[in-house]
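**Student:** Next input, structure requested:
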Amino acid sequence: MFKSPRSRTAGFTLVELLVVVVIIASLAALSFTVGPKMLRNAKATDSLRNLRQLGPLFGTYAADHELKLPPAFGPVVQEDGVTVNRQWNEVCLALLFPDTAPEDFQTKAWWEKNKPFLRNPLLLESATPRGWSPLNPGYALNEMIPENLALAADGVVPARDELLAIRVPLAALADPGRTPLIAPFDSWTFRYDPAEIARFSGGTLKQLLVEDKVPILFVDGHVESITPAEYLEKKLYLVPIVPGI
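**Tutor:** Next up, the predicted model:
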């Protein structure tokens, strides 16, 4: 009687298994390198878009307040008639969410639920020395504007708390297209003077750069990205121009 040859057990050869292992390892390595970069690029895009959306808020505020910019930290009269000090970002949030109690803007639960565009996605809560918090959104107002205006007027700089409470008239700005207004930062105000720009060489501030550049919202509403070195070269920290510079 004819006897059929013994059938071979189906399965992978050692070579085939090695090829599969190599492919899986390569894909894993690619995900660890490309994945974080793609995630950061998405956050950088969101950061730029947020800045562009902030511009109209300042126009709305100025139209309702004698064509003046909101103070960095100044008095706000509440509906109950009580005057309290609020940061500029709280003032902007009140424009976006007029029916929300101001105290809610200071809670993480509210931010997580509403996800307003005043939060910079590039500033993490875990960042040191200052990470994201409801009162530290990752975008900052230029505190040099009232300081430079005071220097130009009489050469005397008031105390910092007085400067932060000033509502700067738009008419006082000779060139709104050259006057930085909002920029990424790990605090709610920025100076971007030589000492502060030096911190962009590493740490938290370097993480806020987009393709090694700082995205800036200028007073006229346009957003421009420049390197920290260019910011210093153009002396934007002195705008409005201080006499003698």
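
**Student:** helix or strand right after the helix or strand that Glu16 is a member of?
**Tutor:** For Glu16, the host element (DSSP states H and E) is helix 14-64. The helix or strand immediately downstream of helix 14-64 is strand 73-77, counting by DSSP H and E.

**Student:** and the one helix or strand Tyr231 maps to, what does it pack onto?
**Tutor:** Tyr231 belongs to helix 228-233 when assigned by DSSP H and E. Packing partners of helix 228-233 (3 or more CB pairs under 8 Å, 6 or more residues apart in numbering; DSSP states H and E): helix 194-197, strand 214-218. In short, each C-beta sits where N, CA and C put it, glycine included.

**Student:** if we go to 7 Å?
**Tutor:** helix 194-197 (3 or more CB pairs under 7 Å, 6 or more residues apart in numbering; DSSP states H and E).

**Student:** tell me which residues in the next helix or strand after the helix it packs on are buried?
**Tutor:** Going down the chain from helix 194-197, the next helix or strand is helix 203-207, by DSSP H and E. For helix 203-207, the neighbour count (16 or more other CB atoms under 10 Å) marks 204-205, 207 as buried.

**Student:** pLDDT of helix 203-207, averaged?
**Tutor:** Averaging pLDDT along helix 203-207 gives 84.

**Student:** With stretch 103-117 instead?
**Tutor:** Average pLDDT, stretch 103-117: 95.

**Student:** That one spans what distance, first to last residue?
**Tutor:** Start and end residues of stretch 103-117 are separated by 18 Å (CA to CA, to the nearest Å).

**Student:** quick one: buried residues of it?
**Tutor:** So, applying 16+ other CB under 10 Å, buried residues of stretch 103-117: 105, 110-111, 116-117.

**Student:** Just send these back as TSV, with secondary structure too.
**Tutor:** Shown next, in TSV, are these (DSSP: H, G, I helix; E, B strand; the rest coil):
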residue	secondary structure
Phe105	helix
Trp110	helix
Trp111	helix
Pro116	coil
Phe117	coil
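
**Student:** Quick one: residues contacting Ala190.
**Tutor:** Careful, residue 190 is Phe; it's not Ala. By CB atoms under 7 Å, 6 or more residues apart in numbering, the contact list for Phe190 reads 140, 142-143, 183, 196.

**Student:** same thing with His222?
**Tutor:** Gly177.

**Student:** switch the cut-off to 8 Å
**Tutor:** Neighbouring residues of His222 by CB atoms under 8 Å, 6 or more residues apart in numbering: 55, 177.

**Student:** Then Leu181?
**Tutor:** Contacts for Leu181 (CB under 8 Å, 6+ apart) come out as 58, 69, 141-142, 145, 216-219.

**Student:** 10 Å instead?
**Tutor:** Going by CB atoms under 10 Å, 6 or more residues apart in numbering, Leu181 touches 51, 54-55, 58, 69, 88, 140-142, 145, 168, 173, 216-221.

**Student:** Thank you kindly, that will do.
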